[in-house]
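Asker: Mind looking at a prediction? Sequence and model below.
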Amino acid sequence: MGTLIDLGVDVTRLRVGDEIETPYELTINASVVDFWASAFYSHDRINTSTPFARRLGFQDSVLPFSLMLFLCGSMSHADSAKVQTGFQNSIYHWPAFPGDTFTKKFEVKSVRNTSDGLHAVVTFQCALLNQRGKICMSTDKTMLFEFASSFSSDVTTKDKSVYQVQAFRDHLLAKAEYLGEIGSHSLSPLRPGQLIVHTMCRALSLSQSQQLASLARLTHPRHFNTRKYDPKTEIFIPGGLVLGLVHSASARDLHEILHEDATNVSFINNVHPEDSIGAVTLVKSLQENVSGDMESLVVVTIGIKNTSVRDGLLPLEFPPELFEQGMTRREIEKICSEKCPSLTNKIILVTERKLIRQANRSETFLL
């Protein structure tokens, strides 16, 4: 008789402060980076150009933010999760490069039950460390499980100062002089209150999604088991890949990003293979001359599925409430049904990001 080996986490017994061990080590070589770039557009030279990165004092081109967040939040021990609900406080602390080897550590940050008492919402503090023990990326990943917990809590006394380090960003700010010499390739100026409808749309096939999930060692049956789940309606694209698609859709219009953090990511509707993903971005704030010709922006990007962005969204007035953070799926769908029915069940995520980018500089000549 066959036996099953259960390697999953028993969520019903998790308490705040518990650490989840992962024995795996993963080297991200150049072929993985190429595979990622084939699925997700990246226009920023810090990710695509080794000479540019070296002029900024790095050993090689830097791994993209969305790839690092996907690796950081990929949990192979959470097969009992129903769905991922979001990321918070996603910070790129230390630059990572092709050839680096990563390990992960997860710590339970909070556990709470839903109001109906039938589900548990667990937040894990995830950290991705390189071969030298440096934390390159950290994020708080929130997941919904189909059973309640007896240990609801969000209190911890551990020192978390290591998760506030911003060595990568600080290094870039210190290189303002060199960036001025290199020159800005930013394509267009941005202004507070500007709403950008991105024309790029892209889908992931089932095979692409499964291959990328395998690279990150994701094992959840919702991403793979086509015997149990219908590929068109029940197989899900992993949350980290959905975020990668949305960031990719906005990348060209926000060019040229040097560094980014994601303050909050809320997943709204599920994404299936072959769903076409587009995006719109609201520029919430802009701080000029952060250092040299660099500027700091806070933007909110909304991912939208299966909609012709250029034809279907340009005449549309977006309710300002859609760009607020922390709203539930029910709240967003209520806004859509009342004010913009064409977006009903189409919004897949809302993410707020902090960007450091080279400012667009255009000279005016009086003749």
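Answerer: Cool, got the structure.

Asker: any idea where the strands of this structure begin and end?
Answerer: With DSSP state E as the criterion, the chain has strands at 19-20, 26-27, 81-92, 101-113, 120-129, 135-145, 195-202, 257-267, 277-291, 294-305, 347-358.

Asker: Who does the residue nearest to V11 when sequence neighbours are not counted form a beta bridge with?
Answerer: Setting aside the residues directly before and after it, V11 is nearest to F145 in space (C-beta to C-beta, 6 or more residues apart in numbering), at 4.8 Å. C-beta coordinates here come from the backbone N, C-alpha and C atoms, glycine included. Beta-bridge partners for F145, by DSSP bridges, are A81, A120.

Asker: Wait, F145 touches K82, no?
Answerer: Yes: between F145 and K82 there is a contact under C-beta atoms under 8 Å: 6.2 Å.

Asker: ok, back up a step: distance-wise, check the residue nearest to V11 relative to T12.
Answerer: 8 Å (C-beta to C-beta, to the nearest Å).

Asker: anything in contact with each of these two?
Answerer: A120 (C-beta atoms under 8 Å, 6 or more residues apart in numbering).

Asker: Low-confidence ranges, the stretch 101-250 of the chain, go.
Answerer: Along the stretch 101-250 of the chain, the model assigns pLDDT under 70 to residues 154-159.

Asker: Number of residues surrounding the closest residue to V283 other than its chain neighbours?
Answerer: Leaving aside its sequence neighbours, V283 sits nearest to Q194 (C-beta to C-beta, 6+ apart; 4.6 Å). A count of nearby residues for Q194, using other C-beta atoms under 10 Å, gives 14.

Asker: what does the one 4 residues further on give?
Answerer: With neighbours defined by other C-beta under 10 Å, the count for H198 comes to 23.

Asker: residue contacts, the residue nearest to V11?
Answerer: 11, 80-82, 119-122.

Asker: Please tell me I have it right and H255 contacts L187.
Answerer: Yes: shown here, H255 and L187 form a contact pair, counting by C-beta under 8 Å, at 5.2 Å.

Asker: re earlier: need the overlap of contacts for F145 and K82.
Answerer: Joint contacts of F145 and K82 (C-beta under 8 Å, 6+ apart) are H119.

Asker: Now do the contacts for the residue lying closest to L63 once chain neighbours are set aside.
Answerer: Closest residue to L63 apart from its sequence neighbours, by C-beta to C-beta, 6+ apart: A96 at 4.4 Å. For A96, the contact set (C-beta under 8 Å, 6+ apart) comprises 28, 62-63, 68, 102, 128, 130, 136-137.

Asker: I'd like the distance between the residue nearest the centre of the chain and D60.
Answerer: The chain has L243 as the residue nearest its centroid, 4.5 Å off, counting by C-alpha atoms, centre = their mean. Noted for L243: a distance of 24 Å to D60, by C-beta to C-beta.

Asker: again, but for A174
Answerer: A174 is 19 Å from D60, by C-beta to C-beta.

Asker: okay, the two: which has more neighbours?
Answerer: For A174 versus D60, neighbours defined as other C-beta under 10 Å are more numerous around D60 (16 against 13).

Asker: distance of that one from F97?
Answerer: Distance from D60 to F97, by C-beta to C-beta: 4 Å.

Asker: need the contact list for the residue nearest to N89 when sequence neighbours are not counted.
Answerer: In space, and not counting its chain neighbours, N89 is closest to D140: 5.1 Å by C-beta to C-beta, 6+ apart. Applying C-beta under 8 Å, 6+ apart to D140 gives the contacts 87-90, 109, 123-126.

Asker: and what of K346?
Answerer: Counted by C-beta under 8 Å, 6+ apart, K346 has contacts 269, 304-307, 336.

Asker: Next: T22.
Answerer: So T22 contacts 76-77, 103-106 (C-beta under 8 Å, 6+ apart).

Asker: how does it look with 7 Å?
Answerer: 76-77, 104 (C-beta atoms under 7 Å, 6 or more residues apart in numbering).

Asker: By neighbour count, which of the contacts of K346 wins?
Answerer: Scoring the contacts of K346 on neighbours with other C-beta under 10 Å, the highest-scoring entry is I304 at 26 neighbours.

Asker: Check the gap between G278 and N113 for me.
Answerer: 36 Å.

Asker: Could you check which of the two has the larger neighbour count?
Answerer: A direct count of neighbours by other C-beta under 10 Å for G278 and N113 places G278 higher, at 27 against 17.

Asker: Look up how far E317 lies from that one.
Answerer: Plainly put, G278 is 17 Å away from E317 if you go by C-beta to C-beta.

Asker: show me what contacts P238?
Answerer: P238 neighbours (C-beta under 7 Å, 6+ apart): 213, 218, 223.

Asker: What is the nearest of those residues to L206?
Answerer: H223 (9.5 Å; C-beta to C-beta).

Asker: How many residues are close by the residue lying closest to that closest one once chain neighbours are set aside?
Answerer: Nearest residue to H223, sequence neighbours excluded (C-beta to C-beta, 6+ apart): A213, at 4.8 Å. Neighbour count of A213, defined by other C-beta under 10 Å: 21.
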